[in-house]
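Q: Mind folding the following:
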Amino acid sequence: MTKTVAVGRRKTSIARVFLGKGEGLTINSRSLEDYFPVKRHQIFIQEVFNAVTKGKKYAIYVNVKGGGISGQAGAVRHGIARAFAKVTEENFKVLRAGKFLTRDSRMVERKKYGQRGARRKFQFSKR
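A: A predicted model of the protein is given here:
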């Protein structure tokens, strides 16, 4: 098996995923538990492994940047799913059915000029 490369995105985070022979998950030269100390994010990422791997061992190296913790967790999950989908057609079908390959495109709406926020207006004063 050659090295598989995929990119995952979420909000303003981008994760480059390298999948190869071996064992373990490394995110920015740190372990999953070290990089994402919140259990919710760890479970969110591990859902991909539960859906795909059937006793197979993969060495996964992830380089993630931009955004916050939740955005990075989503980007890592999306990138790992896309990498596994490239490996076999069976993985692709399972991941597509589980909605792991769909990019979550929700982003923060930009602030408009003449307003206090994206939709919030300045307070109106009659006098």
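
Q: what ranges do the helices span in the protein?
A: 32-35, 39-52, 69-87, 89-97 (DSSP state H).

Q: wait, which of these is closest to Arg10?
A: Evaluated over the helices of the chain, closeness to Arg10 peaks at helix 69-87, with 3.2 Å, by C-beta to C-beta. Glycine gets a C-beta too; all of them are placed from N, C-alpha and C.

Q: Contacts made by stretch 65-73 with the rest, please.
A: With contact meaning C-beta atoms under 8 Å, 6 or more residues apart in numbering, stretch 65-73 is reached by 10-15, 36, 38, 41, 44-45, 64, 75.

Q: which parts of that stretch are buried?
A: Of all the residues in stretch 65-73, those buried under the rule 16 or more other C-beta atoms under 10 Å are 67, 70-73.

Q: tell me the mean pLDDT over it?
A: For stretch 65-73, mean pLDDT is 96.
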